[in-house]
Structure formats: C-alpha cells, structure tokens
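Colleague: next come a sequence and a model predicted from it.
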Amino acid sequence: MLLDLAGPHRDDAYMILAGLVTPRPIALVTTLDEQGRINAAPFSFFNVLGDSPPIVGFCPGDREPGVPKDTARNIRLTHEFVVNLVDEAIAQQMSACAASLPPGENELLHAGLTAAPCEAVKPPRILEAPASLECRHHSIIEIGDNRLIIGEVLRVHVRDGVFDPETWLIRPDAYAPIGRMQSPNWYCKTRDMFEMRRPK
C-alpha cells in the first residue's frame, strides 16, 4: 500500500503519521500569558532534540486556521515555558488539560493539578509530574501550517527516587511514562521493556 502525502493523501497526513509514529512522549506544557495567568496543554508532537545545548521541541497546532493556540501565543510573548512529563499517575489530569476552556481559565485548577514555582523561569511546573523541564524559548520555525517551538532546557525537576544517584540512570520501576498512540483516544503504558545491547 502506497500513501502519497504530497498528493491525494495530503489531507490525511495527520491520521496516517500520528497513527504510525508511535509511541510518542507527551509534553504537558505550562505557560503564562501577559497578565500572568497560567495555561496548561498537552502535546504529543514532542521530543528531546539534542543535548549540547539541551533542547526540546514540540509542535502545537492552531486553535483554528491561522490562529495559534494559547501555548504558542504565550511563548511568543514571554519566551518561557515548562515541559511537564506525563506518567500513569497523572494521565487523566493530562487529558483534562486538553479541554477547550475560555482563554485565561486555569487548566491546572480544572484538572486538579498543583502549580509549583520554578527556579529559572516564571511559568510554574506541575508538582505531580514525574519530571519538569524549565525551558527558555530558542526559536519558532514555521513550515506551512506547522509551528515547531524549540526551547533550551535550563533546569530539570525530577521526582525523588526516579534517578539512581550512583549511575544517573532512570529506575524503570520508579518511572512509568505513558505514550501517545493513534488518534483519537489511544495511549500506551511503557512498563513492558526489554534490553538490547548495541554492538561495539
């Protein structure tokens, strides 16, 4: 089966790619608007992009054609955001943050999550998240209707017990992130892992 995303299947690109390129990590992004009001929204077109400097990127779609979502608008105005990673314990609250609330209404309150102060940026992190990445906006790249936001990670907050202090490796039994699967409502757990050593 051949799917032509530059031709007849162009309008189906989201459904095709979002279903195939899985599982994807989820960024529950917190920002502040120009009045200091909190916004929180989840995005699964997200990943870590490099480590020198440490950068992450995510692509928030538009609220409607040509109208950016609050997250993108806030980052353009304030140049700061926090990526809160999502585990099984806060999966339902993450989903609640995707609700279409009026501009300025606090999604964290709606979802029953707790805002906690950051060290290097003004937007809050989410206390219940297993990890939060304080980010300074680096650049926004617009390609067609896509908007790729790249941020430099300045600080990382990690729940106690997730890191092994001797090896600096993640403890798999202490960290259970979820992944985004196909649209519209599919996710996965990440507890079924296996080790495969790379050749030298």
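Modeller: Received, thanks.
Colleague: pLDDT score assigned to the residue in the chain sticking out farthest from the centre?
Modeller: Centroid-distance maximum for the chain: Lys200 at 33.2 Å, with C-alpha atoms, centre = their mean. Predicted confidence (pLDDT) for Lys200: 90.
Colleague: same question for Gly144.
Modeller: For Gly144, pLDDT reads 87.
Colleague: what's the local residue count around it?
Modeller: Counted with other C-beta atoms under 10 Å, residues neighbouring Gly144 total 5. In short, each C-beta sits where N, CA and C put it, glycine included.
Colleague: quick one: it from Ala6, how far?
Modeller: Between Gly144 and Ala6 the distance, using C-beta to C-beta, to the nearest Å, works out to 12 Å.
Colleague: partner strands of the helix or strand of the chain with the lowest mean pLDDT and their direction?
Modeller: Here the helix or strand of the chain ranked lowest by mean pLDDT, DSSP states H and E is strand 62-64, holding a mean of 80. Pairing partners of strand 62-64, with direction, according to DSSP bridges: strand 67-68 (antiparallel).
Colleague: need the next SSE after the partner strand, C-terminal direction.
Modeller: helix 70-78 (DSSP states H and E).
Colleague: contacts for that following helix next, please.
Modeller: With contact meaning C-beta atoms under 8 Å, 6 or more residues apart in numbering, helix 70-78 is reached by 29, 31-34, 39, 41, 43, 60, 63, 68, 81, 103, 122-123, 137, 140, 147, 149, 151.
Colleague: from those residues, which land in helices?
Modeller: If you go by DSSP state H, the contacts of helix 70-78 have nothing in helices.
Colleague: give me phi/psi at Gly179?
Modeller: phi -120, psi 150 (degrees, to the nearest 10).
Colleague: ok, it to Glu107 distance?
Modeller: Counting by C-beta to C-beta, the gap from Gly179 to Glu107 is 21 Å.
Colleague: these two - which one has more neighbours?
Modeller: Counted by other C-beta under 10 Å, Gly179 and Glu107 do not tie: Glu107 has more neighbours, with 22 against 16.
Colleague: I'm done for today, thanks for sticking with me.
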